[in-house]
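Asks: here's a sequence, model it:
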Amino acid sequence: MKIATFNINGIRSRLARLLEWLAESEPDIVCLQELKAVHETFPETAIRKAGYSPVWQGQKSWNGVAILARGIDPVVSRRALPGDDDDLQSRYIEAAVDGVVVACLYAPNGNPQPGPKFDYKNAWMERLLVHAKELLDSKAPVVIAGDYNVVPTDGVEDIYNPRSWKNDALLQPEPREAYMRLLKQGWTDAIHKLHPGEPIYTFWDYMRNRWPRDAGLRIDHILLAPSLAKKLIDAGVDKEVRGREGASDHAPAWVVMK
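Replies: Numbering: from 1, shown residues only. Purely as a prediction, here's the structure:
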């Protein structure tokens, strides 16, 4: 089983790139983030024609998440992260797919920090920690995949050079600590597990010539519950997708399990 996560950064404007990658990579399950489309304008027909059944939660201009499954219909269990009924941002969707519980998330960016957006980011991560523990305690095979908007460390495996990012919300102690607390619960960071110390980035900003310089960050993560971590055989990033015309500023990350 191959599970991927991809911040598409506007599904309507990058639909051709998405369909191209689906045909090439043939993942069984895909988590998409930053759809930037209202619920009614999601390109369901094109996705189904490509062989995938989608479930999604849209939002005008911003956010939006989706789960695509090849040859099977996902069964939605949640369309929002629990813990705050007043939070209307479309950042979380959860579904059962072929015996696996798939949680797709788009965590808040948090910039500028300090400020209300950073406070929201930290509160959102605390809610994620609570729900992730509940998922872990269920003993079900669970994957939590998406754009966490957290660079875990200053190491070369996570960022090309932290110097110009020191004040960015992605590198602040609070979200980093929250991410480490997730791992301490018992989740496995699949890419880090199989590629420790290797610079395997998932995001290259459009500014400052960062893609040609390979000045990337690792902010898209795939966390596996213990029952799935035992079956992990491969993980990586389809880096070349970022270099194509009209590409997202992210590249798809993926895992393969027995």
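
Asks: flag every buried residue along the longest helix anywhere in the chain.
Replies: When the chain is scanned for its longest helix (criterion: DSSP state H), the result is helix 116-137. In terms of neighbour count (16 or more other CB atoms under 10 Å), helix 116-137 has its buried residues at 118, 120-122, 124-125, 127-129, 131-132, 135-136. C-beta: built from backbone N, CA, C; applies to glycine.

Asks: pLDDT and distance to residue 56 added to the residues you listed, as a markdown table?
Replies: Putting these into a markdown table (pLDDT from 0 to 100; distance: CB to CB, whole Å) gives the following:
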| residue | pLDDT | distance to residue 56 |
| --- | --- | --- |
| 118 | 98 | 27 |
| 120 | 98 | 22 |
| 121 | 98 | 23 |
| 122 | 98 | 26 |
| 124 | 98 | 20 |
| 125 | 98 | 23 |
| 127 | 98 | 21 |
| 128 | 98 | 20 |
| 129 | 98 | 25 |
| 131 | 98 | 19 |
| 132 | 98 | 22 |
| 135 | 98 | 20 |
| 136 | 98 | 25 |
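
Asks: any chance of those residues in a markdown table, with distance to residue 252 too?
Replies: Formatted as a markdown table, these follow (distance: CB to CB, whole Å):
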| residue | distance to residue 252 |
| --- | --- |
| 118 | 28 |
| 120 | 27 |
| 121 | 24 |
| 122 | 27 |
| 124 | 23 |
| 125 | 23 |
| 127 | 26 |
| 128 | 22 |
| 129 | 26 |
| 131 | 24 |
| 132 | 22 |
| 135 | 23 |
| 136 | 25 |
